[in-house]
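Student: Based on what follows, work out the 3D shape:
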Amino acid sequence: MNGCLVDRVLIAILLTLTWCGAGCASSTDRERTTLRVLSWNIHHGEGSDGEFDLVRIAQMIRALNVDLVALQEVDRTTGRSGWRDQALEIASLADMHHVYGSAMPYDRGEYGEAILSRWPIRRSENVQLPRISGSEPRALLIAEVDTPIAGRVRFGATHLAHDAANDRLEQARIILNELNDGSLPTILAGDLNAGPDDPPLRLLLGYFADTHAENPRPP
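Tutor: Now for the predicted structure:
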């Protein structure tokens with residue numbers, strides 16, 4: 001697999017995808033040879049200050065000038081978030097394209113992952129992940145995006161189980177099965193609830209390069 005992994009980071013610079021074809025959208029894109037990727041667990045829109053503020057989230061995404069975004073813990077039309085489609089609102093405010101992947105029904109709506117992209121999303125798929133220990137449902141959201149920097153890229157966004165190590169490992173195996181076909185450059189981003197020495201990360205890092213380790217969060 002030609003892949004890179006971003007785990008629970010605010011921002012990472014992807015250095016391994018350097019192709020730029022004739023379809024580059026702007027002089028700014030033509031000058032760049034990296035993709036900027038953000039992974040963010042937004043906790044259904046609630047900040048550490050207890051405030052629910054989707055505008056603030058979108059403003060941060062715009063300020064970071066990222067190309068692809070993986071969001072975790074995203075509500076869609078739940079009672080607790082005022083029946084709002086959070087992925088749609090954040091993408092609109094950030095001026096990005098988006099897809100949503102439900103992990104579970106929740107509070108008369110849905111709860112799951114979202115992918116935002118600077119460029120149109122050509123294809124997407126939402127894969128339910130296993131729960132052998134009965135933990136909270138999880139999913140892998142996959143999108144294919146034609147980038148002017150790296151050609152077509154597959155972007156996977158996920159959130160592994162937080163309370164069941166066996167589930168995390170099995171979920172990592174399914175993610176590899178879904179993404180490891182070698183057909184496209186692949187990025188996996190998300191809240192993996194695991195450290196670099198834990199079995200799920202060791203498994204994934206056998207196939208993915210850890211771009212966060214190579215490019216830590218800027219000051």
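
Student: What ranges in the chain fall below the confidence cut-off?
Tutor: Residues of the chain meeting the criterion pLDDT under 70: 1-31, 212-219.

Student: What helices and strands are in contact with the longest helix along the chain?
Tutor: The longest helix of the chain (DSSP state H) is helix 165-179. Judged by 3 or more Cβ pairs under 8 Å, 6 or more residues apart in numbering; DSSP states H and E, helix 165-179 is in contact with strand 139-147, strand 151-159, strand 186-191, helix 199-204. Placement of C-beta: from N, CA and C, glycine included.

Student: what's the most buried one of the ones you listed?
Tutor: strand 186-191 (a mean of 27; mean count of other Cβ atoms under 10 Å).

Student: coming back round to it: can you redo the helices and strands packed on helix 165-179 as TSV with distance to residue 119?
Tutor: Putting the helices and strands packed on helix 165-179 into TSV (distance: least, Cβ to Cβ, whole Å) gives the following:
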stretch	distance to residue 119
strand 139-147	5
strand 151-159	10
strand 186-191	14
helix 199-204	26
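
Student: between the ones you listed, which one is nearest to residue 169?
Tutor: Residue 169 sits nearest to helix 199-204 of all the helices and strands packed on helix 165-179, at 5.0 Å, using Cβ to Cβ.

Student: Using CSV, write out every CA atom in that closest one.
Tutor: Provided in CSV are the C-alpha atoms of helix 199-204 (Å, rounded to 0.1, in the frame of the first residue of the first chain):
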residue,chain,number,x,y,z
PRO,A,199,-1.3,-3.6,18.6
PRO,A,200,-3.8,-1.7,16.3
LEU,A,201,-1.1,1.0,15.6
ARG,A,202,1.6,-1.6,15.1
LEU,A,203,-0.6,-3.4,12.6
LEU,A,204,-1.5,-0.2,10.7
